[in-house]
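A.B. asks: One predicted model, sequence on top.
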Amino acid sequence: MKSRVFFWLRAGTTCALSFLPIWVHAFALLGPYADWMDEQKGYRRSGDIGGPMNIGEGYRWNIPVITYGFDRSFLDYFGSNGVAAVESAIAIINQIPPASAIDPHSYPNAVWRNNFLAQAEALADLKSQVLSTLLEEMGLSDPVRWTFCLRDLQPSGTNYLYYTIRRNFDVLSGQSSAYVNGTLFTYSVYQIAPSAYDAVEARIDPLQPLETAATQRPRGYGAFSTGLSSDDAGGLRYLLNQSQIRVEELLPDIHLPGGKPGNLIRTAYRPGIDKITFAFHPVGSLSGEFWSFTNTWTDIYYDFDGPALQQVERVNTRPDILFRGQDLGVQFGWTRTGATNWVNNAGLNDNPGGAGPGVIQPPIVITFNTLGPFYMNSGPTLDQPNSILFSGWASFDGTTNLPFPYPNVQITFQPTQVHFQMLVAGGTNDFTWRLAGPAYSRFLFQTTTDLTDWTILTTLTNSGAPFDYLFSALTNEPARFFRTIPTP
Amino acid sequence: MMLWGNHKSQKLRGVGAESGLLVKLTRISCGLLVGMILALTWVPIRAVAFSLLGPYADWMDIQKGYAQPGDIGGPMNIGEGYRWNIPIITYGFSRSFLDYFGSNGVAAVESAIAVLNQLPPASTVDPQNYTNYAWGYNSFPGTPLLLDLKSQALNTLLEEMGLADPARWTFCIRDFAPAGSNYSFYVIPRNFDPGTGLSSPYVNGTLFTYRINQYTTVPSPGQTFCDAFEHLIDPLQPFYTTATAQGPYRYNTFLTGLSRDDVGGLRYLLSGSQIRRENLLPDVHLVSTNSGTLAQTAYRPGVEKITFIRHPTAVASGEFRSFTNRWTDIYFAPDYPAYQNVERVTAHPDIMFNGQDLGVSAGWTRTGTSNWANNGTLNGNPGGAGPGVIQPPIIITFNTVGPFYANYPASPPDEPTSIKYSGWGSFDGSTNAPFIYPDIGITFQPTQVHFRLTVGGLTHDFMWKLPGPPYGRFWFQTATNLTDWTMLTTVTNSGAEFDYQFSSLPDEPNRFFRTAPVQ
């Protein structure tokens, strides 16, 4: 009898597996370290900016528009190609629909690919790192790293008793999960330093991919991500969803639109913002200096039992997320501001002493190493042929195009090209020439019929931008001359 | 012991080390040969590069091979270079320079300056128009060990314009860390392709590799622990090719001009495409006729072209006079180019050439980079090594100790077995004998009067020297009767030439002219 029941149960399970979709997707949440997250338990390792949050304790943005910008140091090293790489990562996030409309099924299970030429040249993809770091700064963490983590350890005889928790959550149910994008993990506790331990994840099936989510840090050079995975999209769907109602404060620089009477409701229950858009912080096109940026939107909060609306605005003079370049030495490829200034609203949400939930606050600075390529020698033969090359940042993808290594420096100034079109008797004559003078100097564009009395047509600046001019000459003129000369 | 010049700063290079490397390279090259030939066929190879000079970053210490004797700065990363942001730089000569090197020394320095002044604006410089090898050798028979003054002036001026020796900094140590009983070393290239700004192992077509020399078993503060030495991949290629080269041995060699890498480096530094947030020099202000506020700190493009002008001096004493330079400063405010007419009044030259007895260790010295302004913070790079602005005053001092003899321990301490270092000379690749300094005008050369008389449409030229004490005053007079002399002008017997033209009436039977000491 017992065996029959078992038989039927097994058949039933098989049927269920055949007909029900299996959720094997999950995400991890990032936030400021809880008190118990110490080095001994494998937290706060070099390069970490926070710890894994429990479901319900996540940190999120509560403004609909986040501005980003580039510091002069970034522009000087990474140039326009670097900007394009960052903006292509941002475009991936901007293309995400509102959280309530996200379907994680629409995203692939694994987003990491390899460019073998870049791998051979020890290059790291800038766009992929930007995407991974931006997801961190949106409150997501590496799900593989935190599928299992140590919550506590206690002496037990000559050994320790380890308590391991899961901080990787199913995108549908919010239950903790051992899957990341379909890859099943288990763990073993290792002593990773003289007095530090960690629950290290390992794949049950070694043929399944280890790196699948865009929030993961790629191991090795030549890896690039193609976009967001199911788990990444699922994590954002959870964090930004309007179903996730928290007591939150508005950012300190938010106020009612100028001159509008009334009191700003700063602290209130608020649903998720549903959709975040990254906008380029306006700058002077030549100097790159940041201008003031005003964003106005309707803030939704709960006034006891029903939603209430208030028009708010935010004026910021600096971007919320600043991309920078800096020589970081040989240890780090990039750094970013940590989660220490994120606001913990646990107390407001009846979770005093808890690790969250909370609100992510700007400014955020993401710094990429501009050290450039370097070689590592660790003996016994200390020369270039026996070194390991680390080439630094580049942009590449899955095509056969050569990787573009950084820096991207425009060495020479390209003077303004004058494109002059002269109409005579119905015919057009095209002339082009480059302004011969210092960069950004001013020129007079003049005309004459006798090479003596010159008439000014216009003034132009040798800014590098093309200059077009159209002139209709009279048909009975024997001669007409044109010239560009530096302003006296 | 290395004599004359900053030789001690150079990485000591041994033929043995290179030949050891060659064995390994030969092995590697067999396998790569086919692939390399294909690559060479299809890919254009940029084989030129430059290095940038600036104040030492915190991590550039003696332990890692920086700040060696004779060095004035360290290699900067691309984007962290230092440059001038004024279009006119004045130079001058101290009395000590003039007293030792004389007019020939001035001419030598000015011929070096002419090389720089002849450079077109950065945006029109084509490095391909310059040679891959800027050094020549003077093989005039019997020439003693001489250093070429012009070449050293050019070499040092390039340093003071923000360029470093690329062969020295193609590879350099960034860091080291204990690894078991040994050390791990991290090596960075600081030599940059003038076309792309990417780091490069080539200098003027010469391909380099490196080998790390570890001098002591453990690092110790203030002592050189390690250095990445450049080696030639092809030992038949020249090691020192650029005008910026700080070679260890430069006797009887001379610079023919700038190499591609030198020009590529200047093109990068001065290019209008390189926009940096910079301060104007403290002594720059709005021209006195302008009202308004000076935009002192702003984003600025490179000045594109720098011209060296000799700072005006009093003819006789050589004392410097005030010099005013006016130009239009271009800056960005903040979305369009803005212009302000500025002026700079300087009482002393920006670059002073000096003469001094420096002993037997150094052939020349120059002020360092410590007063160059680091604008790292202004450019979003706080704590970074640059970018920055080069600031005057700069003093370049040439050793006036004169020739000396060195007797080394291995030989008897007498003249026949000594090595004679003859100091400074001026020479080139011609068969002319080298000119050896000092160049002293032992005798005073009186002013030569060049008098042109025009009569009836014809000109008559007369020349004579003023016969009187140096710097004595003379009357220049004329008369028709040798009795009633009329004053034309007064002349000082300063040594400078004096020109005068006189148009005589056609019906005058006689007219006389004379120069007579003032009574």
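C.D. replies: Cool, got the structure. Just so it is clear, the model here is predicted, and its values are computed rather than measured.
A.B. asks: Next, the contact list for the residue of the stretch 51-200 of chain B found nearest chain A, please.
C.D. replies: Nearest residue of the stretch 51-200 of chain B to chain A (Cβ to the nearest Cβ) works out as B:Gly197 at 3.1 Å. All C-beta atoms are positioned from the backbone trio N, CA, C, and that covers glycine. Shown in contact with B:Gly197 (Cβ atoms under 8 Å, 6 or more residues apart in numbering or on different chains): A:407-409, A:411, B:78-79, B:268.
A.B. asks: Make sure it is indeed in a strand.
C.D. replies: No. B:Gly197: not assigned to a strand; according to DSSP: H, G, I helix; E, B strand; the rest coil it is coil.
A.B. asks: How many residues are close by the residue nearest to it when sequence neighbours are not counted?
C.D. replies: Sequence neighbours aside, A:Val409 is the residue nearest to B:Gly197 in space, at 3.1 Å (criterion: Cβ to Cβ, 6 or more residues apart in numbering or on different chains). By the criterion of other Cβ atoms under 10 Å in any protein chain shown, A:Val409 has 22 neighbours.
A.B. asks: rewinding a little: distance of the residue of the stretch 51-200 of chain B closest to chain A from A:Gly31?
C.D. replies: Going from B:Gly197 to A:Gly31 by Cβ to Cβ, to the nearest Å gives 40 Å.
A.B. asks: Could you do B:Gly54 as well?
C.D. replies: Counting by Cβ to Cβ - B:Gly54 and A:Gly31 are separated by 41 Å.
A.B. asks: quick one: contacts for the closest residue in space to B:Gly162 that isn't next to it in sequence?
C.D. replies: Spatially, and ignoring its direct neighbours in sequence, B:Gly162 is nearest to B:Tyr82 (4.6 Å; Cβ to Cβ, 6+ apart). Residues near B:Tyr82 by Cβ under 8 Å, 6+ apart: B:52-55, B:76, B:162, B:269, B:369, B:372, B:386-390.
A.B. asks: for the chain, what spans make up the helices?
C.D. replies: You didn't say which chain, so I picked chain A. Under the criterion DSSP state H, chain A contains helices at A:2-19, A:72-94, A:116-120, A:126-136, A:230-240.
A.B. asks: wrong chain, I was asking about chain B
C.D. replies: With DSSP H as the criterion, chain B has helices at B:15-42, B:95-117, B:149-159, B:166-169, B:260-270.
A.B. asks: quick one: buried residues of the last one?
C.D. replies: Just to be clear, that refers to helix B:260-270. Going by neighbour count (16 or more other Cβ atoms under 10 Å in any protein chain shown), the buried part of helix B:260-270 is B:260-270.
A.B. asks: Can you list the helices and strands that it packs against?
C.D. replies: Using 3 or more Cβ pairs under 8 Å, 6 or more residues apart in numbering or on different chains; DSSP states H and E, the elements in contact with helix B:260-270 are strand B:51-54, strand B:82-83, helix B:149-159, strand B:163-164.
A.B. asks: and that helix with helix B:149-159, angle?
C.D. replies: 40 degrees (axes from the mean of the first three to the mean of the last three Cα atoms, to 10 degrees).
A.B. asks: Rounded mean pLDDT for helix B:260-270, please.
C.D. replies: Over the span of helix B:260-270, the pLDDT mean works out to 95.
A.B. asks: who touches stretch A:458-466?
C.D. replies: Stretch A:458-466 is contacted by residues A:286, A:413-419, A:435, A:437-445, A:467, A:469, A:484, A:487, B:273, B:336-337 when judged by Cβ under 8 Å, 6+ apart.
A.B. asks: wait, I meant stretch B:131-143
C.D. replies: Stretch B:131-143 has contacts (Cβ under 8 Å, 6+ apart) with B:48, B:146, B:148, B:204-205, B:238, B:240-243, B:245, B:252-260, B:262, B:427-429, B:431-434.
A.B. asks: now the end-to-end length of it.
C.D. replies: Criterion Cα to Cα, to the nearest Å; first-to-last residue distance in stretch B:131-143 is 26 Å.
A.B. asks: list the contacts for B:Val491?
C.D. replies: Residues near B:Val491 by Cβ under 8 Å, 6+ apart: B:447, B:449, B:466, B:473-476, B:498, B:515.
A.B. asks: ok, and the closest non-adjacent residue to the closest residue to chain A within chain B?
C.D. replies: Using Cβ to the nearest Cβ, the closest approach of chain B to chain A is made by B:Gly272 at 2.1 Å. Once flanking residues are discounted, B:Gly272 sits nearest to A:Ala439: 2.1 Å by Cβ to Cβ, 6+ apart.
A.B. asks: For that neighbour, the count of nearby residues, please.
C.D. replies: 30.
A.B. asks: same thing with B:Thr480?
C.D. replies: B:Thr480 has 15 neighbouring residues, counting by other Cβ under 10 Å.
A.B. asks: was I right about it contacting B:Phe512?
C.D. replies: Yes. Using Cβ atoms under 8 Å, B:Thr480 makes contact with B:Phe512 at a distance of 7.2 Å.
A.B. asks: Spit out the residues that contact those two alike.
C.D. replies: With Cβ under 8 Å, 6+ apart, B:Thr480 and B:Phe512 have no common neighbours.
A.B. asks: got a list of what residue 275 touches?
C.D. replies: You didn't say which chain, so I picked chain A. A:64, A:96-99, A:240.
A.B. asks: my bad, chain B
C.D. replies: A:72, A:286-288, B:299-301, B:332.
A.B. asks: Adding pLDDT and distance to B:Ile89, write those out as TSV.
C.D. replies: Output for those, formatted as TSV (pLDDT from 0 to 100; distance: Cβ to Cβ, whole Å):
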residue	pLDDT	distance to B:Ile89
A:Arg72	90	26
A:Leu286	75	26
A:Ser287	76	26
A:Gly288	80	28
B:Tyr299	92	22
B:Arg300	94	17
B:Pro301	93	18
B:Phe332	89	23
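A.B. asks: From A:Val111, how far off is the residue in chain A that chain B sits nearest to?
C.D. replies: Closest residue of chain A to chain B, Cβ to the nearest Cβ: A:Ala439 (2.1 Å). Using Cβ to Cβ, A:Ala439 is found at 43 Å from A:Val111.
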